[in-house]
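In: Take this sequence and fold it.
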Amino acid sequence: MIWTSFVILALLISGHAFADGVSPELIDFGRTQASNIADRADVIEQVKTQNRRNATLSDEQIAALDQRWRAQYGKQDAPLIHRLMNTPLSDSLRNLQLRSSKWITEIIIMDNRGLNVAQSSVTSDYWQGDEDKWLETFAAGPEAEHISPLGRDESTRSMQIQVSRTITDSNGQPIGAVTVGIAPVQF
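Out: Predicted coordinates:
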């Protein structure tokens with residue numbers, strides 16, 4: 001509590017604080033990271049591949065997958081989670097997060113149904129389709145973005161903002177979304 005108060009006071013004194021304690025530099029950093037990730041050929045290809053694979057999933061099947069993920073969360077025996085975490089794209093995102101000097105708290109790539117395609121760290125759920133990070137990006141169309149308020153994230157267990165944007169194909173059609181969690185205390 002004392003540390004949090006100190007950080008907020010330091011932000012206020014420096015003149016970089018806004019209503020939710022987030023600086024424009026932090027938001028710009030998140031936007032740049034999300035854009036760079038969304039434009040990567042390997043990201044676009046993996047999202048398109050998963051979109052094809054999951055095209056026939058019913059809402060009930062998606063809910064069952066999400067429930068299975070939640071049941072495996074935090075456990076050693078977690079085949080669904082391990083399968084997603086052990087892909088080249090997830091490895092690449094994890095390396096990007098590690099190189100960020102703790103500014104990036106998480107990276108999540110989602111498909112056109114809101115299911116995770118790849119991620120830098122384990123999320124508490126598999127389906128993001130009911131959350132603003134997906135609803136206000138992919139579901140809103142190309143060039144859409146969502147910036148969350150500063151808050152504590154269940155998966156990362158840290159204070160962060162989430163900067164999300166739509167991922168588009170070469171024709172500019174929405175195919176998925178990316179979310180980058182940024183820790184303002186680290187920035």
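In: burial measure for Met159, as a count.
Out: Using other Cβ atoms under 10 Å, Met159 is surrounded by 18 other residues. Every C-beta, even on glycine, is put in place using the N, C-alpha and C of the backbone.
In: as a whole number, average confidence for the host helix or strand of Gln162?
Out: Following DSSP states H and E, the helix or strand that holds Gln162 is strand 158-168. For strand 158-168, mean pLDDT is 93.
In: Can you list the helices and strands that that strand packs against?
Out: helix 24-38, helix 41-53, strand 104-110, helix 132-135, strand 145-147, strand 151-153, strand 174-182 (3 or more Cβ pairs under 8 Å, 6 or more residues apart in numbering; DSSP states H and E).
In: per-residue confidence averaged over the last one?
Out: Going back to what we said before, that points to strand 174-182. 98.
In: wait, isn't Leu80 in contact with Gln67?
Out: No - using Cβ atoms under 8 Å, Leu80 is not in contact with Gln67, being 10.5 Å away.
In: Partner strands of the strand holding Gln162, with direction?
Out: Sheet pairing for strand 158-168, assigned by DSSP bridges, gives strand 145-147 (antiparallel), strand 151-153 (antiparallel), strand 174-182 (antiparallel).
In: Contact partners for the residue nearest to Leu135 when sequence neighbours are not counted?
Out: Nearest residue to Leu135, sequence neighbours excluded (Cβ to Cβ, 6 or more residues apart in numbering): Gly129, at 7.5 Å. For Gly129, the contacting residues are 62, 110, 113-115, 135, by Cβ atoms under 8 Å, 6 or more residues apart in numbering.
In: Next, find the distance separating Gly129 from Ala63.
Out: Using Cβ to Cβ, to the nearest Å, Gly129 is found at 10 Å from Ala63.
In: what residue ranges in the protein score low on pLDDT?
Out: Low-confidence segments of the chain, defined by pLDDT under 70: 1-21, 185-187.
In: Tabulate the contacts of Gly129 (CSV), appending distance to Gln160.
Out: Formatted as CSV, the contacts of Gly129 follow (distance: Cβ to Cβ, whole Å):
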residue, distance to Gln160
Ile62, 26
Met110, 17
Arg113, 24
Gly114, 20
Leu115, 22
Leu135, 19
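In: Which of those are buried, as a PyMOL select command?
Out: Buried subset of the contacts of Gly129, written as a PyMOL selection, criterion 16 or more other Cβ atoms under 10 Å:
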select buried, resi 62+110+113+114+115+135
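In: wait, which of the contacts of Gly129 is closest to Asn95?
Out: Met110 (19.8 Å; Cβ to Cβ).
In: who's that closest one bridged to?
Out: Asn116, Ala177.
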